[in-house]
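Peer 1: Generate coordinates for the sequence data below:
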Amino acid sequence: MTDKELYNNIEKYLNQKITLEGWIRNHRKQKEFGFISFSDGTYFTPIQIVYDNKLKNFSEIQKYHIGSSIKVIGTVVKSPNNNQLFEIQAQDIILLGDCLEDFPIQPKKHSKEFLREQAYLRPRTNLFQAVFRIRSKASFAIHEYFQNKNFVYFHAPLITASDCEGAGEMFHVTSFDLENVPKNKDGSVDYAKDFFAKSASLTVSGQLQAETFALAYKNVYTFGPTFRAENSNTKTHASEFWMIEPEMAFCDLEGDMDIMEDMLKYIVNYVLTNCAEELEFLDNFVEKGLIEKLKTLLKTKAVRITHHDAIKLLQESNKKFEFTPQFGEDLAREHEKYLTEEKFKAPVFVYDWPKDIKAFYMRLNDDNTTVAAVDLLVPGSGELMGGSQREERYEMLIKRMQEMNMKTDELSWYLNLRQYGGCIHSGFGMGFERLIMYLTGIENIRDVIPYPRTPGNCEF
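Peer 2: Now for the predicted structure:
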């Protein structure tokens with residue numbers, strides 16, 4: 001028997017004898033009876049266990065520590081407390097695993113900073129019970145969405161010799177003894193002697209490889225870990241994070257935006273339906289109005305506006321911004337906030353971005369100054385996804401790579417796609433942790449990843 005089975009079938013088990021196994025979340029002791037707040041991790045709301053001095057091991061039970069694992073045998077009865085549906089009248093409580101008195105997770109408020117230091121124990125708190133169950137449900141919803149649409153789940157390689165974004169902020173993979181790295185005569189590293197006989201790194205994106213499969217299966221998606229060696233300590237950056245990256249053949253930028261919006265609403269609806277208790281807790285203690293924010297998203301059609309028109313609108317708003325909006329430049333967080341929360345009060349697609357601030361693989365528009373790129377901005381979080389129609393024209397792609405001083409020979413296989421039955425195709429990427437931050441109201445990415453990897457931090 002699990003907590004979830006009990007909560008979902010309470011009428012069936014009322015006045016029945018059951019057995020539960022789980023952990024003590026809180027323990028209130030009286031002279032002749034006691035109350036244990038119990039959870040086995042399968043349901044957000046804990047169960048109250050009531051025991052009294054009629055039990056043969058009553059004095060031993062009173063010594064059970066918070067955090068201990070126990071087996072409870074008892075009868076399910078209606079609770080006299082209006083705040084709970086039922087409770088368990090214990091007939092036996094057996095200690096399975098004791099817990100030391102210095103157990104860090106006590107029934108009091110802990111700071112998120114403290115809990116990061118106890119990351120291996122923080123799933124036992126209400127906050128992280130909620131966050132990581134929502135993460136699990138959202139992950140399932142992503143797979144369900146794409147599988148229902150007949151997308152093929154593509155496993156992109158984690159070790160790669162190509163830098164998708166061209167930023168160079170990648171973790172290098174090597175079998176060299178770093179105290180004795182082989183060198184060429186000119187002093188450069190002799191990668192020919194390394195494991196892969198070339199320079200290799202952890203991937204920053206599975207997009208390029210996913211495109212090759214999209215031109216065989218039509219619609220594919222990746223969902224896996226990616227890595228950035230960016231020395232950033234902001235609330236939204238991590239060195240290891242998960243990405244969802246769909247790629248669709250015979251799909252233009254408009255179709256790309258359609259899928260982006262439809263997928264997001266599917267996930268939000270799934271979480272609202274399947275994580276009601278968790279969201280209610282987060283609404284009360286993390287972000288007031290969280291549930292209403294998510295429900296509003298479902299009812300609101302996303303606005304579509306070009307980057308040029310978005311900048312013009314910002315400049316004409318008469319609003320004082322810390323960073324002045326400029327044509328040809330990126331949007332600041334305050335600009336995104338104004339567009340989504342003040343001007344349109346809706347999600348906003350900003351598309352047709354200046355080519356000079358976007359990646360090499362994005363399709364050049366007829367104006368020769370912008371590319372068919374798009375960012376989806378959402379109220380409360382700003383940028384949530386980014387995508388583009390990919391450059392399908394062989395000569396144009398080579399020209400763009402040369403303009404950016406990229407070596408075309410290293411991506412010859414990617415270029416060949418344009419000559420071997422190429423077609424219009426599009427895709428996008430969404431950082432999974434950024435989605436979880438939006439769904440939970442949590443402001444720091446370190447609190448939506450089980451074991452965050454950030455500069456100077458690789459604990460657990």
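Peer 1: Name the spans of this structure whose pLDDT lies under the cut-off.
Peer 2: 163-168 (pLDDT under 70).
Peer 1: Let me see the ranges of the helices in the stretch 51-200 of the chain.
Peer 2: 58-61, 112-117, 126-148 (DSSP state H, counting those that start in this stretch).
Peer 1: quick one, phi psi at the spatially most distant residue from the centre of the chain?
Peer 2: Taking Cα atoms, centre = their mean, the residue of the chain most remote from its mean C-alpha position is Lys54, at 49.0 Å. Torsion angles at Lys54 (phi, psi; degrees, to the nearest 10) stand at phi -80, psi -20.
Peer 1: cool, the one 10 residues further on as well?
Peer 2: Dihedral pair for Tyr64: phi -60, psi 130, per degrees, to the nearest 10.
Peer 1: returning to what we had before: relative to Ile10, which of the helices of the stretch 51-200 of the chain is closest?
Peer 2: helix 126-148 (20.0 Å; Cβ to Cβ). Heads up, the C-betas are built off the backbone N, CA and C, glycines and all.
Peer 1: the strands in the stretch 1-150 of the chain, which residues?
Peer 2: With strands called from DSSP state E, counting those that start in this stretch, the stretch 1-150 of the chain shows them at 17-29, 33-39, 47-52, 69-78, 86-97.
Peer 1: For the residue nearest to Asn150 when sequence neighbours are not counted, give the beta-bridge partners.
Peer 2: Spatial nearest neighbour of Asn150, chain neighbours left out: Asn219 (6.6 Å); criterion: Cβ to Cβ, 6 or more residues apart in numbering. Assessed by DSSP bridges, Asn219 has beta-bridge partners Met248.
Peer 1: who's in contact with Asn219?
Peer 2: 146, 149-152, 246-249 (Cβ atoms under 8 Å, 6 or more residues apart in numbering).
Peer 1: quick one: it from Lys71, how far?
Peer 2: Taking Cβ to Cβ, to the nearest Å as the measure, Asn219 falls 48 Å from Lys71.
Peer 1: Ok, His308 next?
Peer 2: 66 Å.
Peer 1: Can I get the strands of the stretch 1-150 of the chain in CSV including distance to Phe460?
Peer 2: What follows is the strands of the stretch 1-150 of the chain, written out as CSV (distance: least, Cβ to Cβ, whole Å):
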stretch, distance to Phe460
strand 17-29, 20
strand 33-39, 22
strand 47-52, 29
strand 69-78, 21
strand 86-97, 21
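Peer 1: Surely Ala214 is in contact with Met248?
Peer 2: Yes - counting by Cβ atoms under 8 Å, Met248 is a contact partner of Ala214 at 6.3 Å.
Peer 1: hmm, back to that, looking only at neighbour counts, state which of His308 and Lys71 leads.
Peer 2: The neighbour count for His308 versus Lys71, taken as other Cβ atoms under 10 Å, is higher for His308 (17 against 13).
Peer 1: Is the more buried one in contact with Asp352, as I believe?
Peer 2: Yes - using Cβ under 8 Å, His308 makes contact with Asp352 at a distance of 7.0 Å.
Peer 1: Could you pull up the residues touching Ile449?
Peer 2: 238, 240-241, 433.
Peer 1: Please report how far the closest residue to Leu100 other than its chain neighbours lies from Lys56.
Peer 2: Nearest-residue entry for Leu100: His65, 7.3 Å, with adjacent residues in sequence omitted and distances by Cβ to Cβ, 6+ apart. Note on His65: its distance to Lys56, by Cβ to Cβ, is 20 Å.
Peer 1: same deal with Leu376?
Peer 2: 62 Å.
Peer 1: So which of those two has more stuff around it?
Peer 2: Leu376 (24 against 9).
Peer 1: tell me which element that one falls in.
Peer 2: Using DSSP states H and E, Leu376 maps to strand 370-378.
Peer 1: Quick check: buried residues in that strand?
Peer 2: 370-378 (16 or more other Cβ atoms under 10 Å).
Peer 1: what does stretch 93-111 give?
Peer 2: Quick answer for stretch 93-111 (16+ other Cβ under 10 Å): 93, 95, 99, 105.
Peer 1: OK, contacts around the first one?
Peer 2: So that's Ile93. Ile93 neighbours (Cβ under 8 Å, 6+ apart): 36, 49, 51, 55, 57, 61, 64, 70-73.
Peer 1: sorry, back to before: give me the buried subset of the contacts of Asn219.
Peer 2: For the contacts of Asn219, buried by 16+ other Cβ under 10 Å: 146, 151, 246-249.
Peer 1: Tell me how far stretch 144-154 lies from the chain's centre.
Peer 2: 18 Å (Cα atoms, centre = their mean, to the nearest Å).
Peer 1: got it, and stretch 451-460?
Peer 2: With Cα atoms, centre = their mean, you get 17 Å for stretch 451-460.
Peer 1: which outside residues touch that stretch?
Peer 2: 116, 119-120, 231-233, 237-240, 445-446.
Peer 1: quick check, Lys301 in a strand?
Peer 2: No - going by DSSP: H, G, I helix; E, B strand; the rest coil, the assignment for Lys301 is coil, not a strand.
Peer 1: quick one: the spatially closest residue to it that is not a sequence neighbour and Met1, what's the gap?
Peer 2: Of all residues not flanking Lys301 in the chain, Ala346 sits nearest, at 6.9 Å (Cβ to Cβ, 6+ apart). Separation of Ala346 from Met1 (Cβ to Cβ) stands at 46 Å.
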